[in-house]
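In: Just the structure for this:
(4 chains)
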Number of protein chains: 2
Amino acid sequence: MGRVTLQTIADRVGVSRMTVSNAFSRPDQLSPTLRDRILAVADELGYVGPDPAARALARGSSGAVGILLTESLSGAFADEVATTFLGAIADELAPTGLGLTLLSTDTAGGVVPARDVAMDGALVYSCDPESTAVDWLLRRKMPLVFIDQVPADGVPAVNVADRAGARAAAQHLIDLGHRRVGIVTSGVRGRHGMVSPGDMIDGYVGSQRLSGWLDALTPAGVSPTIAREPHGDPESGYQAARLLLSAPEPPTAVLCFSDALAQGVVSAAVDAGLRVPEDLSVVGFDDSPAAARMRPPLTTVRQDIHAKGHAAAAALTQAMEAAKAGTPGPAEHLCLPAELIVRASTAPPHV
Amino acid sequence: MGRVTLQTIADRVGVSRMTVSNAFSRPDQLSPTLRDRILAVADELGYVGPDPAARALARGSSGAVGILLTESLSGAFADEVATTFLGAIADELAPTGLGLTLLSTDTAGGVVPARDVAMDGALVYSCDPESTAVDWLLRRKMPLVFIDQVPADGVPAVNVADRAGARAAAQHLIDLGHRRVGIVTSGVRGRHGMVSPGDMIDGYVGSQRLSGWLDALTPAGVSPTIAREPHGDPESGYQAARLLLSAPEPPTAVLCFSDALAQGVVSAAVDAGLRVPEDLSVVGFDDSPAAARMRPPLTTVRQDIHAKGHAAAAALTQAMEAAKAGTPGPAEHLCLPAELIVRASTAPPHV
DNA sequence: CACTGTCTCTTTACCGATAAAGACTTGACC
DNA sequence: GGTCAAGTCTTTATCGGTAAAGAGACAGTG
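Out: Sure, this is the predicted structure:
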């Protein structure tokens, strides 16, 4: 016996294939009696419901949306901010019944997920806008939402006021009286170790935060020393901090690209016999749950990741509906606030 | 102008549709010259490659695998162990070009992802085997792999020696001389607060670990006090520890279901004026990166999550290939080792 | 009684590809 | 010159559904 399809059931029950289809997909189109009979026969035959692939073709929609993440995916999963965001997205999408497909930018074996996976729309999170994967998504003309990326014309975007937040963080240090400021950041591509602002090729968020820091530091006549590591974990922060602190004139305060890096910076300071914040002020970014739990509690810039996920999911579903209805609608560019949270890891420098 | 399909291109170039299909999917089937011409025309027409949905139907495979996660997805994303596992899976799958679709067990709006999303196989991670979602996957007869679940006949499974690991952890405490032992665990369903072993309905992993602990405690005549919280974050561990420590005869050692919980337990101990390990020994589970960074470094049970992800992905791709080839093959049940890592958070009780 | 709906189900017409087998050229080799 | 194999394309037959319009029956209405 071959595979059980609508036709198999239709023949068995003695109705048309379409009626069986309706029994599954549009119950209001037939009498409850007949429907029950059809369902019973289907069950008896071991039918598992309309084939998703066939349905996707016929309906023109697949019931899944994609999410494109730059890094090697496992990179994204190692990053607490990214996973929290993914969780928020997933939660937001669950009630819609849409599946969420993880797309790697990996172009292995000639298979490009961004081109070859069926989906009704996609989120693009912190990706290189020039990458082939993004290009394919764009070409497919499917509803897209850009998150934490340089906003593009015609594509809805969700961003955070990274620059303003970073500016506030740096200004906070300036106001406390710091004049020797270090920056700890990360990024796989590009130079590592002690770098200058020109060496930063870290994508939109990275450059925005750097700009924000400089917005406050430069007018105050402060030019920061920057240490840059490939990864963004605490261990990397530790290494970067050692580099900064071993300079002839070590900084009295450090601005970090993330709370995770900040954690390592604090550890390095402690191990170097420095007290935080008396000898070294440390500022993080993101306000991850760990920030408040740190000793001392970390001064950081808060972004509401759940709100970001919510906004992104909402923008996508909206764009998808608009696309289905044929109502293009304008592409909104949303910018969520970032707020400086002053805790106990910052203090005036002691002279 | 309507949509561009293979036929559009075929007409334009003056060849059959099949030849155009081959130009995209089987380059060796036609002359390079013609292929280039076809590709050029396709590009000119704005064709983005064979429609994934149509291809899925025709080929009988969709190029994506699903992963079913019990909790509300966001729950899974909040759990470091789960996200690390997901990352490992994603990394393992990336080179194969397969997409990874997150499936929620959520049956919202009549849409059941496990039934309605096109995929070639699926991973089932720490799910209730009785859930409808799992049931649908089973009925679809697609290649499946169970991870951290009660192994089922005919379904490949990947598990960890949780019971043995837990036994080793508990034995370690017994060997150190502890006789008053607490357990801190978590689980949304069921009773919370101080519970007895019978109240534990925490799925396979939870029950395995409990069994393992009891395997060592019971023969030593020790019956543990158990505190159970809905969630598995450090904050929950903190609450649970407060409960345990406020008992008339507080434990001298605590076994935790995870490192995250253990983190909270240590905090609670410190806040209660107890030294770890002098006044309270704490043992975690999983050996997350944070465990080694803790103060004091945490004694815990190590499981290799990357190996687990690797094994799961391998088992799935293997099952998928076997299914495609029509070679059912036996369903292997793999069990990865768990190893006790003794660090500085455990010591003999002081009398 | 004819007219108009409303229910139910059926018909017709795709959705956009792929697999497998067939047909036509060409060149090599005996 | 005839035969065979390889290389290029074309033909034929599905893949498993869904949308939209059509058709027959039955009831309510003026």
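In: what does the helix or strand hosting A:Thr33 contact?
Out: Using DSSP states H and E, A:Thr33 falls within helix A:32-45. Under the contact criterion Cβ atoms under 8 Å, 6 or more residues apart in numbering or on different chains, helix A:32-45 has outside partners A:4, A:8-9, A:12-13, A:15, A:19-20, A:23-24, A:27. Every C-beta, even on glycine, is put in place using the N, C-alpha and C of the backbone.
In: 10 Å instead?
Out: A:1, A:4-6, A:8-10, A:12-15, A:19-24, A:27-31, A:47-49, B:139 (Cβ atoms under 10 Å, 6 or more residues apart in numbering or on different chains).
In: Just the buried ones among the residues you listed, please.
Out: Neighbour counting by 16 or more other Cβ atoms under 10 Å in any protein chain shown classes A:5-6, A:8-10, A:13, A:15, A:19-24, A:30, A:47-48 among these as buried.
In: Let's see which of those residues end up in strands.
Out: In strands, judged by DSSP state E, none of these are found.
In: tell me, which of those make contact with chain B?
Out: Here is what survives when the buried ones among the contacts of helix A:32-45 are matched to chain B using Cβ under 10 Å from any Cβ of the partner chain: A:47-48.
In: nearest spatial neighbour of the residue in the stretch 251-351 of chain A that DNA strand D sits nearest to, skipping sequence neighbours?
Out: Proximity of the stretch 251-351 of chain A to DNA strand D (Cβ to the nearest atom of the strand) peaks at A:Lys324, 11.1 Å away. Nearest residue to A:Lys324, sequence neighbours excluded (Cβ to Cβ, 6 or more residues apart in numbering or on different chains): A:Ser61, at 7.5 Å.
In: was I right about the one you found contacting A:Glu321?
Out: No - taking contacts as Cβ atoms under 10 Å, A:Ser61 lies outside contact range of A:Glu321: 11.2 Å.
In: For those two, indicate the residue with more neighbours.
Out: Using other Cβ atoms under 10 Å in any protein chain shown, the more surrounded residue of A:Ser61 and A:Glu321 is A:Ser61, with 18 against 13.
In: follow-up on the earlier one: return only those of the contacts of helix A:32-45 found close to DNA strand D.
Out: Checking these against DNA strand D by Cβ under 7 Å from any atom of the strand, the ones in range are A:5-6, A:21, A:24, A:47.
In: nearest to A:Gly237, of the buried ones among the contacts of helix A:32-45?
Out: Comparing the buried ones among the contacts of helix A:32-45 against A:Gly237 with Cβ to Cβ places A:Val48 closest, at 50.1 Å.
In: Run through the residues of chain A sitting next to DNA strand D.
Out: Within chain A, the positions near DNA strand D by Cβ under 7 Å from any atom of the strand are A:3, A:5-7, A:17-18, A:21, A:24-26, A:47, A:50-51, A:54-55, A:57-59.
In: Among those residues, which ones are in helices?
Out: Mapping the residues of chain A next to DNA strand D onto helices (DSSP state H) picks out A:6-7, A:17-18, A:21, A:24-25, A:54-55, A:57-59.
In: Dump these into CSV; add pLDDT as well.
Out: Output for these, formatted as CSV (pLDDT from 0 to 100):
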residue, pLDDT
A:Leu6, 97
A:Gln7, 96
A:Arg17, 96
A:Met18, 97
A:Ser21, 97
A:Phe24, 96
A:Ser25, 95
A:Ala54, 97
A:Arg55, 97
A:Leu57, 97
A:Ala58, 97
A:Arg59, 96
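In: Just the buried residues from those residues, in ChimeraX please.
Out: Those of these that count as buried under 16+ other Cβ under 10 Å are selected in ChimeraX with:
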select /A:6,21,24,54,55,57
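In: Between all of the ones in helices among the residues of chain A next to DNA strand D, which two are separated the most?
Out: Farthest apart among those - using Cβ to Cβ - are A:Gln7 and A:Arg59, which lie 18.3 Å from each other.
In: how long is stretch A:227-243 from one end to the other?
Out: One end of stretch A:227-243 to the other measures 7 Å (Cα to Cα, to the nearest Å).
In: Stretch A:285-300 too?
Out: Stretch A:285-300 has its terminal residues 5 Å apart, counting by Cα to Cα.
In: now for the worst-scoring helix or strand of chain A on mean pLDDT, which elements pack on it?
Out: In chain A, no helix or strand scores lower on mean pLDDT, DSSP states H and E than helix A:74-78, which sits at a mean of 83. Applying 3 or more Cβ pairs under 10 Å, 6 or more residues apart in numbering or on different chains; DSSP states H and E, one finds that helix A:74-78 contacts strand A:64-69, helix A:80-93, strand A:99-104, helix B:80-93.
In: can you tell me which residues contact whatever residue of the stretch 101-250 of chain A ends up closest to chain B?
Out: Here the residue of the stretch 101-250 of chain A nearest chain B is A:Val111; by Cβ to the nearest Cβ that distance is 2.7 Å. By Cβ under 10 Å, 6+ apart, the contact list for A:Val111 reads A:104, A:117, B:63, B:94-99.
In: can you put the residues you listed in JSON lines and add neighbour count?
Out: Listed next are those as JSON lines, based on neighbours: other Cβ atoms under 10 Å in any protein chain shown:
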{"residue": "A:Ser104", "neighbour count": "28"}
{"residue": "A:Val117", "neighbour count": "27"}
{"residue": "B:Gly63", "neighbour count": "20"}
{"residue": "B:Ala94", "neighbour count": "25"}
{"residue": "B:Pro95", "neighbour count": "12"}
{"residue": "B:Thr96", "neighbour count": "17"}
{"residue": "B:Gly97", "neighbour count": "19"}
{"residue": "B:Leu98", "neighbour count": "29"}
{"residue": "B:Gly99", "neighbour count": "30"}
